[in-house]
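> got a structure for you, letters missing:
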């Protein structure tokens with residue numbers, strides 16, 4: 001039945017994403033395309049304002065107002081990432097803002113902000129990241145305005161920030177400079193790191209916002225994702241960081257994460273976006289905005305700050321479950337007590353032996369899975385062969401974990417005994433999981449919900465098993481052993497037979513429901529994030545072992561009931577099962593040995609820089625990979641033979657803070673494993689710019705106070721036609737215009753710039769330590785504050801494939817065109833290359 005209410009249109013959202021990513025193209029901050037997207041966004045914002053005015057004309061009594069700003073500004077901020085200290089500066093960047101309110105000062109005084117970013121990163125057209133979210137926000141604004149009678153109690157601010165990929169400059173500028181920023185009480189941030197599946201809630205920073213999220217029609221978020229992201233394990237970040245730090249507000253951070261093989265790749269196109277993804281994000285976002293702007297909103301409670309959530313939340317089977325840490329502690333401890341009670345009253349024996357079997361099984365699964373990981377990566381040299389399928393690691397490391405579990409159980413399986421460990425293991429699993437849940441929650445670890453859910457299913461299963469045993473058993477069997485120090489006989493129900501192996505299959509049917517439903521979702525969501533991530537976390541990262549451990553640990557939770565079943569048929573069957581598992585493991589290892597890690601839809605990332613040196617006039621090709629898969633060394637040598645100087649092999653280069661050839665990608669460059677290739681000299685090459693137009697760093701307003709031992713100067717960086725410039729130098733900075741707390745030591749500094757198209761100058765003023773310089777005899781010969789500045793930048797017209805359609809005919813672009821065609825043929829399309837034309841130099845000021 002139609003409600004006749006306006007609703008978000010996926011077709012419209014995708015049309016916006018396609019226009020941004022394909023009609024405009026690669027919207028890297030500083031490029032012409034970036035400026036073109038800025039103009040398009042302003043026009044779209046004005047269209048929303050026009051819709052608002054038309055709605056007001058139709059209903060004169062409606063309280064509705066739409067305001068539009070195009071913010072432009074400059075600033076700087078510190079951006080620490082991956083244990084690297086980096087300073088960002090930006091000039092003339094822009095944001096486009098729409099505020100929808102009821103037109104009253106009271107309604108505007110407190111607002112919810114929803115954010116997406118208009119720009120895209122260097123190697124990607126950015127259809128999903130973040131063009132889709134831009135379309136979602138535009139559609140949400142349209143639907144709200146066109147909903148008859150809708151009036152917001154609290155204002156909604158739509159921030160289309162235009163510089164996220166340059167390390168969150170746009171969100172920093174809004175948070176620190178826009179006049180309406182202080183009215184923000186809560187934030188909803190929309191992001192994308194993939195092209196398929198539901199958007200995942202991975203950050204929720206207050207109980208009020210978790211409550212708000214409970215109102216979305218299709219929730220998909222868990223405390224597990226929240227705690228993993230908060231731990232810093234993923235080495236990822238979003239604009240949410242700036243809002244949280246500078247505005248001190250709470251919020252929700254949501255992202256599309258499925259198929260993140262396309263993240264920051266050429267394949268981030270509308271054709272690769274799964275149908276339904278845009279609709280899902282739009283409907284959830286719209287529900288959030290309706291609730292947060294309504295009378296029922298928690299916004300008033302957030303006006304004076306917020307507290308970090310003490311809340312467990314997760315979605316399962318379409319339900320969104322929320323309860324407090326206090327409730328969790330009561331439930332988990334109660335379950336632990338009830339677990340001890342049911343184990344005691346049912347007369348299960350050898351429980352502590354079985355407990356040892358459970359712990360041994362978990363350790364055995366981890367050891368075996370990591371042992372196979374070692375063989376695959378270090379012996380067979382076939383690491384990451386599972387990369388092309390998010391669930392392939394289950395096929396490889398699942399059998400490995402099973403082998404480890406079965407081997408670990410051999411000492412606990414007694415030949416000739418008519419008593420198996422089947423029921424004791426079920427009891428031990430219950431005690432293990434309920435104990436883990438209780439202890440974890442007492443330590444305020446919200447993810448303890450996972451073992452609690454597993455224990456809940458096991459408790460129900462053992463309860464049913466006890467009833468079935470009672471229906472078949474007889475009372476009167478006395479256990480006259482001393483239990484818990486009590487010197488008395490305790491009557492328990494036991495089975496008619498002497499063996500403890502007659503466990504009903506209904507017990508397993510009940511025990512497996514929660515681990516399978518919850519465990520499969522947890523394992524699936526984890527692998528969807530981590531498997532593609534291994535393609536961009538560096539060659540030195542222990543990717544193989546991380547993935548093996550994830551499969552073993554989460555697989556053990558998901559199939560915990562299987563451990564008891566392994567003891568059901570006695571030692572002989574256990575040994576037969578082990579043989580079959582070993583055979584299966586051998587088969588899957590052989591399969592993955594012959595499987596290539598990459599294919600056309602799951603590509604290897606290759607980073608290529610054509611570097612022109614302003615000092616030596618030399619040109620080099622730098623190539624690097626960001627994964628540990630085998631074959632990169634061979635590929636680098638093939639590239640050198642094809643494009644480099646004859647007989648000169650590629651040089652492996654150490655990646656550290658002094659390798660400024662890669663500073664345009666700093667600090668992500670720390671993940672790269674680079675080679676440097678000498679290029680043949682081009683006899684037609686001349687310095688590309690006349691002196692007055694060259695990329696240069698100079699010192700102005702330069703004064704020295706010899707008595708104080710300080711030097712004050714302003715570094716002026718002129719970079720016509722060059723974007724994303726970076727300067728690096730060593731100094732003891734006393735103060736500067738970047739922040740109020742430079743390191744109080746002589747150290748390396750990196751300053752990275754982003755500016756709007758056509759802006760070609762930026763500055764930074766500083767005061768540095770100016771120590772005396774002494775000769776060999778100790779006499780003062782002068783003052784030593786000369787700065788050696790390394791500088792590098794990307795030539796705006798020399799990025800491939802972003803500037804493919806408007807090549808400037810340079811040697812770099814000719815090489816890129818030939819390189820791209822050769823690479824595609826050489827690798828069969830299994831490698832995606834980012835090709836950047838860069839220029840570097842050094843000077844002393």
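Received, thanks. Because the structure is a prediction, the values reported are computed rather than measured.

> pretty sure residue 87 is in contact with residue 741, am I right?
No. Proximity of residue 87 to residue 741 does not meet the contact threshold set by C-beta atoms under 8 Å, at 11.4 Å. Placement of C-beta: from N, CA and C, glycine included.

> More neighbours: the two, which one.
residue 87 (20 against 8; other C-beta atoms under 10 Å).

> residue contacts, the more buried one?
Applying C-beta atoms under 8 Å, 6 or more residues apart in numbering to residue 87 gives the contacts 76-79, 738-739, 749-752.

> For residue 590, see how far away residue 583 is.
11 Å (C-beta to C-beta, to the nearest Å).

> do residue 149 as well
66 Å.

> And for residue 570?
In terms of C-beta to C-beta, residue 570 sits 31 Å off from residue 590.

> where in this protein is pLDDT low?
1-3, 235, 415-418, 472-501, 682-692, 772-785 (pLDDT under 70).

> switch the cut-off to 50
Flagging of the chain using pLDDT under 50 yields the residue ranges 1, 474-500, 780-782.

> Name the residues that touch stretch 591-604?
Here stretch 591-604 has contacts from 261, 265, 267, 376, 380, 382-389, 392, 395-396, 532, 535, 625, 627, 629, 827-832, using C-beta under 8 Å, 6+ apart.

> so where do the helices sit in the stretch 451-600 of the chain?
505-511, 513-533, 543-558, 561-566, 570-593 (DSSP state H, counting those that start in this stretch).

> Identify each buried residue in the fourth one, please.
Buried residues in helix 561-566, counting neighbours by 16 or more other C-beta atoms under 10 Å, are found at 561-566.

> among those residues, which two are most distant?
Across these, the longest distance by C-beta to C-beta is 10.0 Å; it joins 561 and 566.

> what's the neighbour count on residue 271?
That count, for residue 271 with other C-beta under 10 Å as the rule, works out to 10.

> so how far is residue 236 from it?
25 Å.

> what pairs with residue 799 across the strands?
Listed by DSSP bridges, the beta-bridge partners for residue 799 are residue 836.

> Settle this for me: it is touching residue 28, isn't it.
Yes. Contact criterion C-beta under 8 Å: residue 799 and residue 28 qualify, at 7.2 Å.

> neighbour count winner among these two?
Taking other C-beta under 10 Å, residue 799 and residue 28 do not tie; residue 28 has more neighbours (28 against 24).

> who's in contact with the residue most central in space within the chain?
Taking C-alpha atoms, centre = their mean, the centroid of the chain lies closest to residue 236, which sits 4.5 Å from it. Residues near residue 236 by C-beta under 8 Å, 6+ apart: 193, 229.

> Then residue 88?
Shown in contact with residue 88 (C-beta under 8 Å, 6+ apart): 76-79, 166-169, 172, 751-754.

> And for residue 174?
71, 95, 97, 159, 161, 181.

> 6 Å instead, please
95, 159, 181 (C-beta atoms under 6 Å, 6 or more residues apart in numbering).

> Can you give the contact residues for the helix or strand where the second one lies?
Element membership of residue 159, judged by DSSP states H and E, is strand 155-161. Outside strand 155-161, the residues that touch it by C-beta under 6 Å, 6+ apart are 41, 95-101, 107-108, 111-115, 117-118, 137, 141, 170-171, 174, 289, 293.

> Take those residues and keep only those in helices.
Secondary structure defined by DSSP state H assigns 41, 107-108, 137, 141, 170-171, 174, 289 of the contacts of strand 155-161 to helices.

> picking that back up, what helix or strand is the residue nearest to the centre of the chain located in?
Assigning secondary structure by DSSP H and E places residue 236 outside every helix and strand.

> got it, and residue 383?
For residue 383, there is no helix or strand it lies in under DSSP H and E.

> Quick check: which of the helices of the stretch 451-600 of the chain is nearest to residue 361?
Between residue 361 and the helices of the stretch 451-600 of the chain, the tightest spacing by C-beta to C-beta is seen for helix 561-566, at 5.2 Å.

> How far does that closest one sit from its chain's centre?
Centroid separation for helix 561-566 versus its chain: 35 Å, with C-alpha atoms, centre = their mean, to the nearest Å.

> From the contact counts, what lies against it?
Helices and strands touching helix 561-566, by 3 or more C-beta pairs under 6 Å, 6 or more residues apart in numbering; DSSP states H and E, are helix 422-442.

> Does anything pack onto the helix it packs on? Which helices or strands?
The contact analysis (3+ C-beta pairs under 6 Å, 6+ apart) places helix 422-442 against helix 325-345, helix 351-374, helix 449-472, helix 561-566.

> quick one, that helix and helix 513-533 angle?
60 degrees (axes from the mean of the first three to the mean of the last three C-alpha atoms, to 10 degrees).

> gap between helix 422-442 and the chain center?
In terms of C-alpha atoms, centre = their mean, the centre of helix 422-442 is found 32 Å from the chain centre.

> Between helix 570-593 and it, find me the angle.
60 degrees.

> Pull out the buried positions in stretch 802-820.
Neighbour-count burial for stretch 802-820, counted by 16+ other C-beta under 10 Å, picks out 802-803, 810-813, 815-816, 819-820.

> OK, contacts around the closest residue to residue 166 other than its chain neighbours?
Using C-beta to C-beta, 6 or more residues apart in numbering and skipping residues adjacent in sequence, the residue nearest residue 166 is residue 754, 3.6 Å away. By C-beta under 6 Å, 6+ apart, residue 754 lies in contact with 29, 90, 163, 166, 169.
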